[in-house]
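Peer 1: Fold the following for me, if possible:
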Amino acid sequence: MSEQNNEKEKVNIIIDKEDNSGFDVNWEQIEKDYVNAQRKHRHRHKHKHHHSSDKNESPDSAKKKKPKWKKIITIVLIVFLCLVILLIAAFLIARYIGSSRLTNYDKLNVNVPDNIDYSDGGQIITYKGHTYRFNENLASILFMGIDNTNLKENAVAGTAGQADALYLLTYNISNGKMKVLSLNRDTMIDINLYDAERNYIGTEKHQLCLAYSYGDGYSFSAQQQVNAVQRLIYNIPINAYYGIDLSAIPIINDDIGGVRVVPQYTFESFTKGQAVTLKGDLTESFVRYRDVSLVDDNLRRIECQKQYINAFASQLVPAVRNDFTLPIKLYQDSSKYTVSNIDIAEIVFLASSLATNYSGIEFLGTTGEYKMVEGDQSAEYFIDQESFFETILDIYYTRID
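Peer 2: Predicted coordinates:
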């Protein structure tokens, strides 16, 4: 029944009967009843409108609205989560870029020795009845120790310093294994020659370490040293290099708290079998000292350098696991004394991979002999070609048959 009918029912018409011949109407009472009915109608209409608006609000909000400080905390947490996601994304992107650069072998064209079968630019090599495939999971870096105390950028060709220490590091990103090939600075190889204006004038057989001297004393020199080593290893690409002058050695060494070694030889202030923690200038003496009166004393120095690198790596990897930013600190502290084409993306990749995937280091060397050449005061080292090729095969290839 409609509201209008209900209201009509609630208006009481009062009739006073005085006799059978007529009746009197109580108009005052009728007016009061009508006013009361109108008031009830307005109250019922207002209540209905309020009930209708409540339907648009959720039961939770109707009961209790969320405090303002809770909304602020929610927004802060969302922003923080977004920043974390962005940082993780940036890390993964940098890691991917670093990995891609260090393992880029798109232009592989190996200069395979004569009488050895190969195909696809050296991707496949057949040697002594076995088949080998090039391993593209290797990141390769040439480390150079420059015999200057201050790297230059404008040196005259032939006077830019020498790469006294040469180590070719390969890191297998799939299994975490690292191999380091020590290269004798006196190894005879064809190197590129340039005049004082840096014009290319040809190649000439010299000690491997002299390739650095025919440059600017900085990045151009470093690239010339890389080119010479690539020529030595049959044109296999080396995608990164890192050279340090003498001033950087104690800085990097002391950043990890010094390095403990047990000398295998007695020389200068070192005694065979007597342990010592290398710090400061003592570090340079251990890895650099060479008795020039002995034609082959560089072989002893290489052994000391290998021992130091092994000890340094054994302390560095646990330190990186405890402090992921340590490699960046080493890079920054030594940057003034170094020349390198390694960027932050590659450091991020190497640091994260070493911290989680490193499984050991293996040192490899070369076999050969020293010869004194009449008219040449410098020692000349000639490697055994067959043995050296097998070493490179072991580093860069995987046997597949």
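Peer 1: going forward, measure contacts between C-alpha atoms and count neighbours the same way
Peer 2: Fine.
Peer 1: where along the stretch 301-401 of the chain do the helices fall?
Peer 2: 326-334, 344-357, 385-396 (DSSP state H, counting those that start in this stretch).
Peer 1: Let's have the ones you listed in TSV, adding distance to residue 226.
Peer 2: TSV is the format used below for those (distance: least, Cα to Cα, whole Å):
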stretch	distance to residue 226
helix 326-334	20
helix 344-357	18
helix 385-396	16
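Peer 1: Flag whichever of those helices has the least confidence on average.
Peer 2: For the helices of the stretch 301-401 of the chain, the weakest mean pLDDT is recorded on helix 344-357, namely a mean of 76.
Peer 1: And that one, what does it pack against?
Peer 2: Contacts defined by 3 or more Cα pairs under 8 Å, 6 or more residues apart in numbering; DSSP states H and E place helix 344-357 against helix 68-102, helix 297-322, helix 326-334.
Peer 1: Flag the shaky bits of this protein, pLDDT-wise.
Peer 2: Scanning the chain with the threshold set as pLDDT under 70 gives 1-66, 80, 83-96, 98, 149-150, 152-158, 373-377.
Peer 1: Give me the residue at the spatial middle of it.
Peer 2: Centroid-nearest residue in the chain, with Cα atoms, centre = their mean: residue 348, separated by 1.7 Å.
Peer 1: ok, it to residue 116 distance?
Peer 2: Residue 348 is 39 Å from residue 116, where distance means Cα to Cα, to the nearest Å.
Peer 1: Residue 283: which element?
Peer 2: helix 281-288 (DSSP states H and E).
Peer 1: From residue 329, how far off is the nearest residue to residue 257 once chain neighbours are set aside?
Peer 2: Nearest residue to residue 257, sequence neighbours excluded (Cα to Cα, 6 or more residues apart in numbering): residue 279, at 7.9 Å. Applying Cα to Cα, the value for residue 279 to residue 329 is 18 Å.
Peer 1: Would you mind telling me which of these two has more residues around it?
Peer 2: Regarding residue 279 and residue 329, a neighbour count based on other Cα atoms under 10 Å identifies residue 279 as having more, with 19 against 13.
Peer 1: Hmm, the more buried one is touching residue 254, no?
Peer 2: Yes - Residue 279 is within contact range of residue 254, at 6.0 Å (criterion: Cα atoms under 8 Å).
Peer 1: Mutual contacts of the two, please.
Peer 2: The overlap between the contact sets of residue 279 and residue 254 (Cα atoms under 8 Å, 6 or more residues apart in numbering) is empty.
Peer 1: still on that earlier bit, return the most buried member of the helices of the stretch 301-401 of the chain.
Peer 2: Neighbour counts (mean count of other Cα atoms under 10 Å) averaged over each of those peak at helix 344-357, with a mean of 19.
Peer 1: That helix to helix 297-322, inter-axis angle?
Peer 2: 80 degrees (axes from the mean of the first three to the mean of the last three Cα atoms, to 10 degrees).
Peer 1: Could I get the CA-only coordinates of helix 344-357 as PDB?
Peer 2: C-alpha atoms of helix 344-357 as PDB (Å, rounded to 0.1, in the frame of the first residue of the first chain):
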ATOM      1  CA  ILE A 344      81.000  -0.800 -14.000                       C
ATOM      2  CA  ALA A 345      78.700  -3.400 -15.800                       C
ATOM      3  CA  GLU A 346      81.600  -5.800 -16.200                       C
ATOM      4  CA  ILE A 347      82.700  -5.300 -12.600                       C
ATOM      5  CA  VAL A 348      79.100  -6.000 -11.400                       C
ATOM      6  CA  PHE A 349      79.000  -9.200 -13.400                       C
ATOM      7  CA  LEU A 350      82.500 -10.400 -12.300                       C
ATOM      8  CA  ALA A 351      81.900  -9.500  -8.600                       C
ATOM      9  CA  SER A 352      78.500 -11.200  -8.400                       C
ATOM     10  CA  SER A 353      79.700 -14.200 -10.300                       C
ATOM     11  CA  LEU A 354      82.900 -14.700  -8.300                       C
ATOM     12  CA  ALA A 355      80.900 -14.300  -5.000                       C
ATOM     13  CA  THR A 356      78.500 -17.000  -5.900                       C
ATOM     14  CA  ASN A 357      80.100 -19.200  -8.600                       C
END
